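> kindly generate the corresponding structure for this input.
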Amino acid sequence: MRKNFWIAMALVLILPAMLFTVSCAKKEVAATPEVTPAPQAAPEDTSKADAEAAEKARLEAERLQAEEAQRKMMAAREAFENEDIYFDFDSSALLPAAQETLSQKADYLLANSGASVTIEGNCDERGTDAYNLALGERRADSAKAFLVNLGVNAAQISTISYGEERPVDPGHNEAAWAKNRRDHFVLK
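Residues are numbered from 1 along each chain as shown. Purely as a prediction, here's the structure:
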């Protein structure tokens with residue numbers, strides 16, 4: 001029994017001493033910090049990022065397409081309004097060049113059924129005011145009839161005559177008069 005007593009006493013004294021020395025030991029701190037690799041995106045995150053990038057690219061392409069379509073529409077509108085047709089002296093007969101121009105204008109009006117146009121008949125300064133107003137009306141009406149013949153809805157077209165009141169060229173010679181014998185087109 002004595003032997004057991006001394007073993008028990010040794011355990012009681014040695015065990016706490018061992019625990020005290022082991023638990024109070026200083027830990028060394030590493031001089032250089034550990035470099036941890038950046039977390040890599042999970043395959044799910046990568047596919048989500050790819051989908052977002054694809055969606056952004058698609059939206060950008062659609063925006064560019066819409067801008068291009070808008071630019072073409074504005075160019076067609078400007079061409080429509082800026083291209084007048086011209087007439088011979090004292091005539092409302094459509095010249096071949098005028099018929100070609102009107103065919104292009106008919107294509108525009110058929111493609112844009114919501115558009116409406118006013119055809120403004122104009123004359124040079126020669127002749128009386130009343131005669132020039134009547135001639136300007138005949139010129140506008142002949143252009144309207146040609147467009148309607150090509151399939152344009154007559155409700156899209158209105159006419160007005162300005163006679164000699166709105167000259168493009170205020171000169172008093174044949175070159176100026178030729179520029180003033182015209183129909184001008186205004187989209188509404």
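
> check which helix or strand covers residue 78.
Residue 78 is part of helix 43-82, with elements assigned from DSSP states H and E.

> quick one: the strands in the chain?
Here the chain has its strands, by DSSP state E, at 85-86, 117-122, 157-163, 182-187.

> which one of the ones you listed lies closest to residue 8?
Smallest distance to residue 8 across those (Cβ to Cβ): 112.5 Å, for strand 182-187. Backbone N, C-alpha and C define where each C-beta goes, glycine included.

> so what does the closest one touch, helix or strand wise?
Judged by 3 or more Cβ pairs under 8 Å, 6 or more residues apart in numbering; DSSP states H and E, strand 182-187 is in contact with helix 43-82, strand 85-86, strand 117-122, helix 129-149.

> ok, back up a step: any buried residues in the helix holding residue 78, and which?
For helix 43-82, the neighbour count (16 or more other Cβ atoms under 10 Å) marks residue 80 as buried.

> looking at the helices and strands packed on strand 182-187, which is closest to residue 188?
strand 117-122 (6.6 Å).

> list the pairing partners of the closest one within its sheet, with orientation.
strand 157-163 (parallel), strand 182-187 (antiparallel) (DSSP bridges).

> mind saving the C-alpha coords of it as CSV?
Output in CSV follows, covering the C-alpha atoms of strand 117-122 (Å, rounded to 0.1, in the frame of the first residue of the first chain):
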residue,chain,number,x,y,z
VAL,A,117,-46.7,64.7,-96.6
THR,A,118,-47.7,68.1,-97.9
ILE,A,119,-46.8,68.8,-101.5
GLU,A,120,-46.1,72.5,-102.0
GLY,A,121,-46.5,73.7,-105.6
ASN,A,122,-44.3,76.7,-106.6
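
> which residues sit against that strand?
Outside strand 117-122, the residues that touch it by Cβ atoms under 8 Å, 6 or more residues apart in numbering are 80, 105, 109, 135-141, 143-144, 156-164, 166-168, 180-188.

> got the contact list for the closest residue to residue 125 other than its chain neighbours?
Using Cβ to Cβ, 6 or more residues apart in numbering and skipping the chain neighbours, the partner closest in space to residue 125 is residue 164 (4.8 Å). Residue 164 is in contact with 122-125, 127, 129, 132, 180, counting by Cβ under 8 Å, 6+ apart.

> contacting residues for residue 144?
Here residue 144 is in contact with 119, 154, 157, 159 (Cβ under 8 Å, 6+ apart).

> measure it to residue 92 for me?
Counting by Cβ to Cβ, to the nearest Å, the gap from residue 144 to residue 92 is 11 Å.

> residue 119 too?
12 Å.

> so for the two, which residue has more residues nearby?
residue 119 (24 against 19; other Cβ atoms under 10 Å).

> which strand residues bridge that one?
residue 159, residue 185.

> residue 154 versus the nearest residue to residue 157 once chain neighbours are set aside, what's the distance?
In space, and not counting its chain neighbours, residue 157 is closest to residue 144: 4.9 Å by Cβ to Cβ, 6+ apart. Distance, residue 144 to residue 154, by Cβ to Cβ: 7 Å.
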